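Student: Build me a model from this:
(one chain, ligands or ions: 1)
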Amino acid sequence: MSFSDRDFRNALGLFGTGVAIVTAEVDGTLLGTTVSSFNSVSLAPPLVLFSLARSALAYGQWIKAETFAVTVLREEQNELSNRFARAGSDKWAGLTPARSDTGTPYIAGGLVSFFCDTYAIHEGGDHDIVVGRVTSFRRDEGAPLLFFSGRYRRLQSDQPIETPADADLWLHGW
Ligand SMILES: Cc1cc2nc3c(=O)[nH]c(=O)nc-3n(C[C@H](O)[C@H](O)[C@H](O)COP(=O)(O)O)c2cc1C
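Tutor: I've put the predicted structure just below:
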């Protein structure tokens, strides 16, 4: 089977995700990139990942980041998502970053922010897979900004879909 890049992207877009902004400071420059590729990796040690396009203008700086933060956006933060997705722009212009206890810049007001030490960077085709070891996180209240089929979405309601009675054993762990 052969397929076009567009078809492949559209198919991948059927995996609904949240939206996060990854942030760091390298050589005094603030970095920030919107990602939907954020994911959990490991509980012990506590690892997370995102994948970063090697074509990103900030790629050369990103791979030097020793620490970074991942902020999962709330549904009201779609404009921040757009801002940190515009290639080549000064994404932080006019914004003051919040700072973790160890000084890593992050986006305030998200659903949760994870603070990470860079643990590994793996080659992944035209992306690099950046793995972070979570050193701390801070949670807030709110509803997530979702991304599905190329569009932002919001949760329709907080009513969960029927879930098996023994779900605690296997579902909630994820
Ligand atoms: C919803 C959404 C999800 C995105 N997910 C990713 C991603 O997982 N990895 C990535 O490299 N770029 C992703 N992007 C695109 C980057 O945000 C964008 O290319 C980057 O900010 C450009 O930065 P630059 O100025 O360094 O080139 C996403 C954009 C949007 C709007």
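Student: So which residues of this protein form helices?
Tutor: Along the chain, counting by DSSP state H, helices occupy 5-12, 59-62, 78-83, 167-170.
Student: Please convert those to TSV, extending it with mean pLDDT.
Tutor: Formatted as TSV, those follow (pLDDT from 0 to 100):
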stretch	mean pLDDT
helix 5-12	96
helix 59-62	98
helix 78-83	97
helix 167-170	70
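Student: nearest to the ligand, of the ones you listed?
Tutor: When the helices of the chain are compared by Cβ to the nearest ligand atom, helix 78-83 sits nearest the ligand, at 5.8 Å. In short, each C-beta sits where N, CA and C put it, glycine included.
Student: Need the helices of the chain in CSV (columns: distance to Phe115 and mean neighbour count).
Tutor: Below are the helices of the chain laid out as CSV (distance: least, Cβ to Cβ, whole Å; neighbours: other Cβ atoms under 10 Å):
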stretch, distance to Phe115, mean neighbour count
helix 5-12, 28, 10
helix 59-62, 16, 16
helix 78-83, 18, 16
helix 167-170, 28, 10
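Student: can you put those in CSV and add distance to the ligand?
Tutor: Listed next are the helices of the chain as CSV, based on distance: least, Cβ to the nearest ligand atom, whole Å:
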stretch, distance to the ligand
helix 5-12, 10
helix 59-62, 7
helix 78-83, 6
helix 167-170, 27
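Student: Nice, that's everything, thank you.
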